[in-house]
Each structure stands twice: as C-alpha cells, then as structure tokens.
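**Student:** sharing a sequence plus its predicted fold:
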There are 2 protein chains.
Amino acid sequence: MKVSHIETPAVLIDLDVLDRNLKHTAELTRQAGVRLRPHFKTHKSVWIAKKQLEYGACGMTVAKLGEAEVLTEAGIDDILIAFPLVGESKLLRLAALINRKVKVTVSTDNVIVAKGLSDLGESLGTRIPLYIDVNSGLNRCGLEPGNPTAELVKEITALPGVEVRGLMTHGGHAYGASNLQELRQTAAVEVEVLVQTQHLLAQDGITIPEISVGSTPTSKFIAEQHGATETRPGAYVYGDISQLAIGSISMNEVAMSILATVVSTPREGTVIIDAGSKTFSIDTNPHCPGYGRLKNNPDVYIERLSEEHGIVKLPPGITFSIGERLEFIPNHCCTVSNLHNKLLGVCGDEVLQDIYVDARGKIN
Amino acid sequence: MKVSHIETPAVLIDLDVLDRNLKHTAELTRQAGVRLRPHFKTHKSVWIAKKQLEYGACGMTVAKLGEAEVLTEAGIDDILIAFPLVGESKLLRLAALINRKVKVTVSTDNVIVAKGLSDLGESLGTRIPLYIDVNSGLNRCGLEPGNPTAELVKEITALPGVEVRGLMTHGGHAYGASNLQELRQTAAVEVEVLVQTQHLLAQDGITIPEISVGSTPTSKFIAEQHGATETRPGAYVYGDISQLAIGSISMNEVAMSILATVVSTPREGTVIIDAGSKTFSIDTNPHCPGYGRLKNNPDVYIERLSEEHGIVKLPPGITFSIGERLEFIPNHCCTVSNLHNKLLGVCGDEVLQDIYVDARGKIN
C-alpha cells in the first residue's frame, strides 16, 4: 500500500526514524551505565516494546495495571507500575501478575498504599518491590525529597510484605523549560534530590539500590546524571512538538505525523482539514500556538480543533486546494496514539507495518 | 454490580437522566414542529441512537463515514454526513451505503466536493442529496450566508448527480456565550441567515426544502426559530460543564460523570486521582478553570491533568483520604465517550447497562 493511497486522517510513523530513536536512546543509556526502562504509555504497542527490549531495555514502565496485563500476555516479565495501586480489585489483579511470575514493582508516595501492598505481599508469601515516588518539581505525586521522603521510607521499610527497592521521580516539568540550560538543570535536580535522600537513608542503615529518573527531555542528559541507575523516557520513540519546542530533539528525530486532507477552503488564510481533536488530541504547548504544525512548513499551524475538523491558519502567500493532503506534527504523541487502534508504519511512500496500539484506552 | 464496587476510573451515565434528556429534547422539537436529527458523535452508541429514533428522531447526523457505517450495520437508514467527502476511497464507501438503500445526505461548502459527489451520483444513476454548509459565526466550514452561498448553490444545482436539499449551519460558537441572551441571539442568527439565503434563492426559482440548524445550546430555542425544519443537537444526551457553564442546562440534566479514586495526598490543598487526560480528555472551557468539577461540590476542581493523573485543587477546609472515590463532571462529554470502549449506565448504586461506544475512534 502506498501512503498516497491511504485514507485520511491517518497517523504515520516513519519506521527508519523510529528505529533510530530506539537505538540512539538505548546507546545513550548503555554508555552512561544506566538501565533503560521505557514508558509503555507512549506507544502501548507490544511490537515496539519488544524492539525496546531487544535493543537493551531492562523492562518496561507502565502507569496502569491494564497496560501491565497486556505486556504480561505478550511474555514481558519485568514491569514497573509507576502508579499507586489502591483498592481490593487492583490488588487482586496485581496478585494475578505476581502469581504468573512477573516481576512487578509498584510506586507509591504514602504508607496507606504501601500497607495495602504489604498485606498482599504477606498473603502471597513474598515481599512486593516498591519505588517511593519523590517530588522533584513537577508537583504531582511524591513527597518532598530529604526528610519528608526519608521518614516515609523508614515507615514503609518496617512493613513486612514490601521491600523498598528504589526512589523514583519524573521531571515532567522539563517540558516547560525555555532553553537547554533550564532543561539540563531540571535533569540535574531530578537525580540530585534522589541521591541526597538516598544518602540520608544510608545514614540510618537503609540501603536503596535503585535511583530511577527520567522524562524524555531529561533523559538526554543521563550521562551527566551521576547516581541514577535507571531512566524511564516514553515519548522519545515518536517525537512531537512538545519535544521540538524545547530543543530536546531536532526535526529528523520526529517519527510521528498526521496525514489529513483539505476538505474546505471557506475564507482567505484558512483551510479546513478532515482531522480534529479526535485525531490530534487537544494538548496545547506553552511554546507554540495551536495544535499541530505542517511538517514541511512550521509557519502553517492548526489554529483550532473541533472534534473532526482542523482549522488551519495559513501565512500570507500560502494556499492549499480541496483534496490536497497535508502532513502535520502533533503536539503530544502519547495522547495521539491512545486515540487510535493502529498507526501506520511507513518508509517513504510505502506503508510497511501496522503498529497496533494494543493497550489503547487501558485506563484501569 | 454495585457502583461502589466497580474499578476506577469509570465513566458513569445516569440512566434516568439520560432518558429524561432524550425525551425532553424530542418533545421540545415535536412541539416546535421541527425534525430532530441528533448528532451521533457524542455517544457513538447504537443503543442510544435507537432510543433517539424510538422517541421520534427522524434519522441521525454523523461527521464521518465510519460512523455512518456503524449505524448502517445496525439497520439505521436515514443518515446525514455533516462533513465534506473528499477522495476516491471515501466516494466508494459512500457508494456502498447508497447501494444498501441507506438514505445518505452529505454536506459541503464548495463545488469541487459537490462535483465529486455528482460524478458518483451519475455513475449510480441517482442524485445524491446535499446540504450546503453555511457560516453563521463559528468560522469553521461554510461560506458566508446571502450572496456567496446563493452563488454556490446555483453552481451546484447545475450538477446532474446531486440535489441540493438543504442549507445547514452549526452554531457551535454558542458555547462561548456569556449569558442566555447571547445564547438566544446566536440561536436566532443560526436560522435567520439560512432563511434569508433560502429566500434569495427562491427569487431565482431555486427551492430549498430543508433548513437544518442546531448545536445543543441553540437547539433549546428551537420553538423560537421560525423557518428551521431540522435540528441536530449532540451533547444534550449526557450534559457536561460546557453546557452547565453557559446555563443551557441545570445540574439535574447532567447524566455523565467520572468516578475516580484518590491515590495520593502529597501536599496540603491537593489530592491526586487515578484519572487523567486519557479518561477526561483535555478540553478546556472559557468559563470555568480546570478539567472537571466535583459533582457534589463544584468548588473542587481538577487543576491539571497528566495522562493518568488528575491533580485536584481543594478549597480551604476540604480534605480527602487515600482510597476515597470522587465523582467529577467532565468539561466535554463527546471527547470523553470517544476515549472509552464502554460507559456504565447506572441507577443509584446499581450498574444496569453497559453502553458500548460502538463507533469509538471512527475518524475516517
């Protein structure tokens, strides 16, 4: 099948770029002596997860049990659930994974969740490995580093059915950086605050083997991050505007694009394409206006999205005709892939591979 | 199954409210002597579409062929595709629907799309019914009303394989209204500009039988909209913050909510829930901050969304504990339902009905 013949809208993945991205990050982490545990949430594709493992990843990171279950079915047996598991039904599903001999690590930032896991661990006659989530600046989950986290770890260490294996953080606020210096600083802080807390605990005789960090932008600095043992980038596989805008990747690292057709030319300076928020997702970006930019001319951007319409703003002198097919780079590759059952792996004008989003919509 | 036992996150639909919403709008349009052609894109559920028809809808509106195909499979045979169909593969799929004796009407705002449809109509020995899309203020598809649209209609009327059956517009900018007066004004303009254009064409001997209007908020004024023959609301079935915020519905018309669990309480004034942008969608609202509000206390809202985390801001004096389950109203019900394979129809604490989102992700 030719790209020029497929129906639009369609999400395209440049297979050469994808492969290069996977290999490049694997090599970067290998050289830094740090384990790569990529986040599955970006692609949710078993085919890509297997490639990541083949290229040297130590296992996968997921946010939800449903994603872990998809990976387990595919025979992948070392999974970090970087999310607190709360409630009886979640614990029963975790038990099923443990009983299948999957090495599952769970993250939390409080003793109540740890207690639930410990009770489960005890009932299964095992100690469930835990990462303690620490706030390095994103202000999402995680207590403050230093004493607040150290006190929590001491409390959790006393529980019989869990084992604190690591400290983790996610420097997702790196996407707000204005320049590479700010980005490098966020990456440095990500590791420093964990290592400081690790040292604090060592003084009390508590050894924390794993220091797990990494957003896609901060993971680029892994060679400078002394003390990290593991990095968990997700979006690096595809690339998008959120990474381009802060300079953490260049255009030749963008594997994802959205192919759309011009279906209306109602006014000067505006054309309408057949792809809206149900194709692009509606994530915005603090550095760029709009919802997607034309691949070969970033001055052309999507000004508004309805659910099935993209309203494209044209700079003076640019026009497009009904039926013309345009290729856009989306703002956020992770939310795009979750909207689709499959993406199309392409090489030039050839569609070579259906990339199934196996864990699409697995929010539980 | 009890609501109190289901896993979170989950999208709940109050079945009583849903039924009341369906009946109320059906009754409103019946009394106004206007046909109701609800937009399928909101719920994408065959089960709900059949209820809408049972309560008096004349047929369904869709945005994409994939949605029309799902309805056709379910035996629904009067469908408006309120979107321009461009490209050979789309026309082949339209031909398949026509060959199955489905009455399909297509909308467009230009002669190139109309020509493609006309060629198809000729080859099938039929005239494909068209609605001409007109801009009543949303500035999406559609030429300006009056002469620009009238000239276009004259051109298209000359084509042998299509028949201009109606003028249509979508007053989606009604969601930006600041008060009921503005809303009423948008509703009035929606019809007026079409009727004026219809009269202009009548002077040239061109009869346009159908005047099709309606966003959910403007359709509330259908009884005042003299000249409309059809209205196409979508989101009225579920209700959401975008409708609440402009006063077009009240709280007892909101059928959709999202049930989530508190999984982290990292800082004073903030809790984290297990539902993020992959559950809520990330649509914003000009009138309300955040991405969702607590059903029983609208002062509690979701300040930020990661993909699987909701960062909930608490007003002073309010706290929630790990494991507590909270019910939120989302900003935009249409994009929420498209993220899920099924929603749960509930009555009090009982889950009574799986509502399958049959056309989820049908963007082609």
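**Tutor:** Noted; the coordinates are in hand. Residues are numbered from 1 along each chain as shown, chains lettered A, B, ... in the order given.

**Student:** for the stretch 1-150 of chain A, give me the ranges with low pLDDT.
**Tutor:** Counting by pLDDT under 70, the stretch 1-150 of chain A contains no low-confidence residues.

**Student:** write out the residues of it neighbouring chain B.
**Tutor:** Selection of the stretch 1-150 of chain A residues close to chain B by C-beta under 8 Å from any C-beta of the partner chain yields A:5, A:7-10, A:41, A:63-64, A:83-84, A:86-87, A:89-90, A:108-110, A:112-113, A:133, A:135, A:139-143. Heads up, the C-betas are built off the backbone N, CA and C, glycines and all.

**Student:** so which of these are in strands?
**Tutor:** A:10, A:108, A:133 (DSSP state E).

**Student:** CSV for those residues, including neighbour count and distance to residue A:325?
**Tutor:** Listed next are those as CSV, based on neighbours: other C-beta atoms under 10 Å in any protein chain shown; distance: C-beta to C-beta, whole Å:
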residue, neighbour count, distance to residue A:325
A:10, 24, 10
A:108, 29, 47
A:133, 28, 44
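
**Student:** which bits of the stretch 201-350 of chain A sit near chain B?
**Tutor:** A:261-267, A:270, A:272, A:274-275, A:277-279, A:281-283, A:304, A:306-309, A:311, A:321-323, A:334-335, A:338-341.

**Student:** with the ones in strands among the residues of the stretch 1-150 of chain A next to chain B in mind, which one is nearest to residue B:353?
**Tutor:** residue A:10 (33.8 Å; C-beta to C-beta).

**Student:** can you tell me how far the closest residue to the closest one other than its chain neighbours is from residue A:5?
**Tutor:** Nearest non-adjacent residue to residue A:10, counting by C-beta to C-beta, 6 or more residues apart in numbering or on different chains: residue A:259, 4.8 Å away. In this view, residue A:259 and residue A:5 are 11 Å apart by C-beta to C-beta, to the nearest Å.

**Student:** for residue A:314, same thing?
**Tutor:** Residue A:314 is 26 Å from residue A:5, by C-beta to C-beta.

**Student:** the more surrounded of these two?
**Tutor:** residue A:314 (20 against 11; other C-beta atoms under 10 Å in any protein chain shown).

**Student:** quick check: the more buried one touching residue A:270?
**Tutor:** Yes. Counting by C-beta atoms under 8 Å, residue A:270 is a contact partner of residue A:314 at 6.7 Å.

**Student:** what does the longest helix along chain A rub up against?
**Tutor:** Among the segments of chain A that qualify as a helix by DSSP state H, the longest is helix A:180-203. The contact list for helix A:180-203 (C-beta atoms under 8 Å, 6 or more residues apart in numbering or on different chains) reads A:134, A:136-137, A:145-147, A:149-150, A:153-154, A:167-169, A:171, A:173-174, A:177, A:207-208, A:211, A:213-214, A:217-222, A:224-228, A:246-248.

**Student:** list the buried residues for that helix?
**Tutor:** A:183-198, A:200-201 (16 or more other C-beta atoms under 10 Å in any protein chain shown).

**Student:** C-terminal to it, what's the next element?
**Tutor:** strand A:210-213 (DSSP states H and E).

**Student:** what helices or strands is that next one leaning on?
**Tutor:** Contact here means 3 or more C-beta pairs under 8 Å, 6 or more residues apart in numbering or on different chains; DSSP states H and E; on that basis strand A:210-213 packs against strand A:162-168, helix A:180-203, strand A:230-231.

**Student:** report the buried members of the residues of the stretch 201-350 of chain A next to chain B.
**Tutor:** A:261-267, A:270, A:272, A:274-275, A:277-279, A:281-283, A:304, A:306-309, A:311, A:322, A:334-335, A:338-340.

**Student:** of the residues you listed, which belong to strands?
**Tutor:** Among those, the members found in strands (DSSP E) are A:261, A:262, A:263, A:264, A:265, A:266, A:267, A:270, A:272, A:304, A:311.

**Student:** for the last one, list each beta-bridge partner.
**Tutor:** I take that to be residue A:311. residue A:272, residue A:304 (DSSP bridges).

**Student:** what pLDDT does it get?
**Tutor:** Per-residue pLDDT puts residue A:311 at 98.

**Student:** got a list of what it touches?
**Tutor:** A:270, A:272, A:302, A:303, A:304, A:305, B:139, B:140.

**Student:** the third one now?
**Tutor:** If you count contacts by C-beta under 8 Å, 6+ apart, residue A:263 has them with A:272, A:273, A:274, A:322, B:83, B:84, B:86, B:113, B:141.

**Student:** cool, residue A:280 as well?
**Tutor:** Residues near residue A:280 by C-beta under 8 Å, 6+ apart: A:258, A:291, A:292, A:302, A:305, A:310, A:328, A:330, A:331, A:336.

**Student:** can you list the residues you listed in JSON lines and add neighbour count?
**Tutor:** As requested, the contacts of residue A:280 are arranged in JSON lines below (neighbours: other C-beta atoms under 10 Å in any protein chain shown):
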{"residue": "A:258", "neighbour count": "25"}
{"residue": "A:291", "neighbour count": "27"}
{"residue": "A:292", "neighbour count": "32"}
{"residue": "A:302", "neighbour count": "27"}
{"residue": "A:305", "neighbour count": "23"}
{"residue": "A:310", "neighbour count": "30"}
{"residue": "A:328", "neighbour count": "27"}
{"residue": "A:330", "neighbour count": "27"}
{"residue": "A:331", "neighbour count": "24"}
{"residue": "A:336", "neighbour count": "24"}
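
**Student:** which members of those residues occur in helices, if any?
**Tutor:** Per DSSP H, those map to helices at residue A:336.

**Student:** which among the contacts of residue A:280 gets closest to residue A:120?
**Tutor:** Looking across those and measuring by C-beta to C-beta, the closest to residue A:120 is residue A:336, at 35.3 Å.

**Student:** and the helices in the stretch 1-150 of chain A, which stretches?
**Tutor:** Per DSSP state H, counting those that start in this stretch, the stretch 1-150 of chain A carries helices over the ranges A:15-32, A:46-54, A:65-73, A:88-99, A:111-124, A:147-157.

**Student:** what residues of the second one count as buried?
**Tutor:** To tie it back to what came earlier, the one meant is helix A:46-54. Counting neighbours by 16+ other C-beta under 10 Å, one finds that the buried residues in helix A:46-54 are A:46, A:48, A:49, A:50, A:51, A:52, A:53.

**Student:** counting contacts, what elements does it pack onto?
**Tutor:** Checking 3+ C-beta pairs under 8 Å, 6+ apart, helix A:46-54 ends up next to helix A:15-32, strand A:60-62, helix A:65-73, strand A:350-356.

**Student:** any chance of those in a markdown table, plus distance to residue B:25 and mean neighbour count?
**Tutor:** What follows is the helices and strands packed on helix A:46-54, written out as a markdown table (distance: least, C-beta to C-beta, whole Å; neighbours: other C-beta atoms under 10 Å in any protein chain shown):
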| stretch | distance to residue B:25 | mean neighbour count |
| --- | --- | --- |
| helix A:15-32 | 47 | 18 |
| strand A:60-62 | 41 | 27 |
| helix A:65-73 | 35 | 21 |
| strand A:350-356 | 39 | 15 |
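
**Student:** now the ones you listed in JSON lines, with distance to residue A:232?
**Tutor:** Output for the helices and strands packed on helix A:46-54, formatted as JSON lines (distance: least, C-beta to C-beta, whole Å):
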{"stretch": "helix A:15-32", "distance to residue A:232": "10"}
{"stretch": "strand A:60-62", "distance to residue A:232": "5"}
{"stretch": "helix A:65-73", "distance to residue A:232": "13"}
{"stretch": "strand A:350-356", "distance to residue A:232": "21"}
